[in-house]
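S.K.: Let me see the structure of the following:
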Amino acid sequence: MKGPVHIKLIEIASDEMNLTRQVNTDEIKMLMNDYGLTNSEAVIFAFLLKYSMERTHLELEKFDNQIVRKGDENYIRIYRDLKSMQKKGVIALNAEGRRRRGDDLFNPAISIDEAVFSRLVLGEDMFADTDFSCPYSILETADEVIDSRLAEKISGEQFEKRIDMLMSKADHSLELVKVLKKYEIIEKALIFRACLNEIKGDSDDTINGFISNFVSSLSESGRIMKKIYEKRMKCFNDKVLELKDGRGIFGLMGNPVFIITEKYFEKMFDTKTKIKIKEFTPRYTELVKHKDMKKELFFEPGLKKEIDTIASALEAKRFKEVSKKLKSNGFPQGIVSILYGYPGTGKTASVHEIARVTGRNILQVDISNIKDMYVGESEKRLKDVFKEYKKAKNIFKKAPILLFNEADAIIGKRINVSDSVDQMYNNMQNIILEELEKFEGIFFATTNMINNIDDAFDRRFLFKVEFGKPSPEIRKRIWSSKMKDIPEEWTDILSVYELTGGQIDNIVRKYMIDSVLKDVKGIDGLKKFCYAETAFKKEGTRIIGFGR
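M.R.: Here you go, the predicted structure:
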């Protein structure tokens, strides 16, 4: 066969009469042998190759000429051949988007398979850059194929063919290959995607969203989802993948996400990062792992919107984009926030919930443990807190959150120096101000006394979120969440008391204790506890013990 194959094929397509007759060149025979095409399909492919060189978007109407007229017998024959070629993985129809109502059924979009194009025109294997002995390289290539399918650049048949080709070339001694070979094509796609999300620290894909974008029909999507939820999909039954609670940040039911289990991730990949995480032992902070956090929160719409905004900015992909944009414009890269307001309104719990939904661990600072009686030691410990955070950033897959809880003890108004203790206090403030000025990461402070905060901290905090007392409607929801079987008429009565979520927590606990000790139950007991909680610290009121 002399000359490049694609040039010879384009020459065949220069004669429109070839669309209606048999062509028996070496190039046509090669297409028939290598891709299982009929003679008619191979000739049509030659025309597709020619047309694709002439325009960016290729549609079936391009075949409308002196020999073939739209809707006639030849046009319908070519359409049937194109659909057959799609099943063989050589082309994709409607590649630029699924057909919608009103679309011309006789004019689908067409694209040539990238692997076929690379081989015939460029003389290259589309997997030429893949290291088949490296699981990470295989995973990266698989993700490119998955993205092509999700963007509808390739058909389901093309996707399956590429993944089969990738797996056949991969080193079969790799644990990744050993695990994957047992599963169907959709399971392979799910496993590949979950692994990549885990390695890159990206947000987990929702199972419904991924499946519906991956398959070409609603019925197929429904069939797969039913199989998953009925626990008939092998990769979930084998505990390679698992579904994770998809509840949103305020407890609303969301779309479940799928993740790779730790056991299989460690089996398939080098997990030095995970080993490092297990070895990390904080000295100046308390490590709170995001997997250990879960609390249902209820807030007013305005407050919820502010917390949602921060959580969205801390989602893995967006946080990288935000940090990059801030840096390119000469701003500090850190997200520094202060949550302030009444005690018991959910400030600390909100930080924990943000950490949970974004998959970030927390390094929580106990300020009382930092302060020391010896001059200079407190300042040193405070500096060590920030050093420990920087170390954790290099170890954890995602940047953790540094939380200064009840921070008014250290960021309050500066005082005139009269002794060494005053000097220590001011020195510690200067350290925090300097650290926040150049901070690269995620910092939260909470306080009940915002009016006592020194003015120098105002511009250091990017987000300033006020937590007020909950409204009666929110209080009703809190009561219902704390006492699952409480009658609705009780919540109507109890919601009148101006209580915070923390105070309601206390009342429910005391009520449970009292009901055990005295076997007392009923709304009257709860009302007494509500009165005691609201009257606490009020002048002329003194409440002792449990309900009488």
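S.K.: For stretch 308-323, which outside residues touch it?
M.R.: Stretch 308-323 has contacts (Cβ atoms under 8 Å, 6 or more residues apart in numbering) with 200-203, 249, 333, 335, 337, 354, 357-360, 398-399, 440, 442, 463, 465. (C-beta placed from N, C-alpha, C; glycine too.)
S.K.: no no, stretch 257-271
M.R.: By Cβ under 8 Å, 6+ apart, the residues outside stretch 257-271 that reach it are 135-136, 174-176, 179, 190-191, 194-195, 197-199, 204-207, 210, 239-244, 246, 274.
S.K.: Now it - C-alpha only, PDB.
M.R.: Output in PDB follows, covering the C-alpha atoms of stretch 257-271 (Å, rounded to 0.1, in the frame of the first residue of the first chain):
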ATOM      1  CA  VAL A 257     -22.000  10.000  46.100                       C
ATOM      2  CA  PHE A 258     -19.900   6.900  45.300                       C
ATOM      3  CA  ILE A 259     -16.400   6.500  46.700                       C
ATOM      4  CA  ILE A 260     -13.600   3.900  46.600                       C
ATOM      5  CA  THR A 261     -13.200   2.000  49.900                       C
ATOM      6  CA  GLU A 262     -10.000   2.500  51.800                       C
ATOM      7  CA  LYS A 263      -9.200  -1.300  51.600                       C
ATOM      8  CA  TYR A 264      -9.300  -1.400  47.800                       C
ATOM      9  CA  PHE A 265      -7.600   1.900  47.300                       C
ATOM     10  CA  GLU A 266      -4.700   0.700  49.400                       C
ATOM     11  CA  LYS A 267      -4.700  -2.500  47.500                       C
ATOM     12  CA  MET A 268      -4.600  -0.900  44.000                       C
ATOM     13  CA  PHE A 269      -2.300   2.100  44.600                       C
ATOM     14  CA  ASP A 270       0.800   3.200  46.400                       C
ATOM     15  CA  THR A 271      -0.700   4.900  49.500                       C
END
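S.K.: pLDDT of it, averaged?
M.R.: What stretch 257-271 shows for mean pLDDT is 85.
S.K.: so what are the domain limits for the chain?
M.R.: 5-122, 135-270, 280-467, 472-535 (automatic domain parsing).
S.K.: Same list (the ones you listed) but as a markdown table, adding mean neighbour count and distance to D129.
M.R.: As requested, these are arranged in a markdown table below (neighbours: other Cβ atoms under 10 Å; distance: least, Cβ to Cβ, whole Å):
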| stretch | mean neighbour count | distance to D129 |
| --- | --- | --- |
| domain 5-122 | 16 | 11 |
| domain 135-270 | 17 | 8 |
| domain 280-467 | 17 | 24 |
| domain 472-535 | 16 | 53 |
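S.K.: Present those domains as TSV; the columns should include distance to A128.
M.R.: Output for the domains of the chain, formatted as TSV (distance: least, Cβ to Cβ, whole Å):
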stretch	distance to A128
domain 5-122	8
domain 135-270	10
domain 280-467	29
domain 472-535	57
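S.K.: quick one: which of the contacts of stretch 257-271 sit in helices?
M.R.: Among the contacts of stretch 257-271, the members found in helices (DSSP state H) are 135-136, 175-176, 179, 190-191, 194-195, 197-199, 207, 210, 274.
S.K.: closest to N451 among those?
M.R.: N197 (43.7 Å; Cβ to Cβ).
S.K.: what about the closest one, distance to G156?
M.R.: Going from N197 to G156 by Cβ to Cβ, to the nearest Å gives 22 Å.
S.K.: which residues sit in contact with the spatially most central residue of the chain?
M.R.: The centroid of the chain falls nearest to S203 when counting by Cα atoms, centre = their mean (1.7 Å). Applying Cβ under 8 Å, 6+ apart, we find S203 in contact with N197, E315, A316, K317, G359.
S.K.: ok, now how distant is M53 from F63?
M.R.: Distance from M53 to F63, by Cβ to Cβ: 15 Å.
S.K.: pretty sure K234 is touching I186, no?
M.R.: No. Here K234 does not reach I186: they are 10.8 Å apart, not a contact under Cβ atoms under 8 Å.
S.K.: Assumed V508 was part of a helix.
M.R.: Yes. Remark: V508 belongs to a helix, assigned using DSSP: H, G, I helix; E, B strand; the rest coil.
S.K.: and the gap between it and Y284?
M.R.: Taken as Cβ to Cβ, the span from V508 to Y284 is 35 Å.
S.K.: try M85
M.R.: Taken as Cβ to Cβ, the span from M85 to Y284 is 65 Å.
S.K.: do G468 as well
M.R.: From G468 to Y284 the distance is 33 Å (Cβ to Cβ).
S.K.: quick one: the strands in the protein?
M.R.: Using DSSP state E, the strands assigned to the chain run over residues 58-59, 91-93, 109-112, 241-244, 257-260, 286-288, 335-341, 362-365, 401-404, 442-447, 463-467.
S.K.: Give me the sheet partners of the longest one and which way each runs.
M.R.: Pairing partners of strand 335-341, with direction, according to DSSP bridges: strand 442-447 (parallel), strand 463-467 (parallel).
S.K.: Now tabulate those in JSON lines and tack on distance to G525 and mean pLDDT.
M.R.: What follows is these, written out as JSON lines (distance: least, Cβ to Cβ, whole Å; pLDDT from 0 to 100):
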{"stretch": "strand 442-447", "distance to G525": "32", "mean pLDDT": "94"}
{"stretch": "strand 463-467", "distance to G525": "29", "mean pLDDT": "93"}
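S.K.: Now tabulate these in CSV and tack on distance to G502.
M.R.: Putting the strands paired with strand 335-341 into CSV (distance: least, Cβ to Cβ, whole Å) gives the following:
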stretch, distance to G502
strand 442-447, 13
strand 463-467, 11
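S.K.: Out of these, the one nearest P4 is which?
M.R.: Using Cβ to Cβ, the nearest of the strands paired with strand 335-341 to P4 is strand 442-447, at 54.8 Å.
S.K.: Tell me how far the residue nearest to A189 when sequence neighbours are not counted lies from R193.
M.R.: Leaving out its chain neighbours, the residue that sits closest to A189 by Cβ to Cβ, 6 or more residues apart in numbering is I146, at 5.7 Å. For I146, the distance to R193 equals 6 Å [Cβ to Cβ].
S.K.: give me the low-pLDDT residue ranges for the stretch 151-300 of the chain?
M.R.: Residue ranges of the stretch 151-300 of the chain with pLDDT under 70: 201-202, 245-254, 270-279.
S.K.: same deal with the stretch 1-150 of the chain?
M.R.: Applying pLDDT under 70 to the stretch 1-150 of the chain picks out residues 1-3, 55-56, 95-104.
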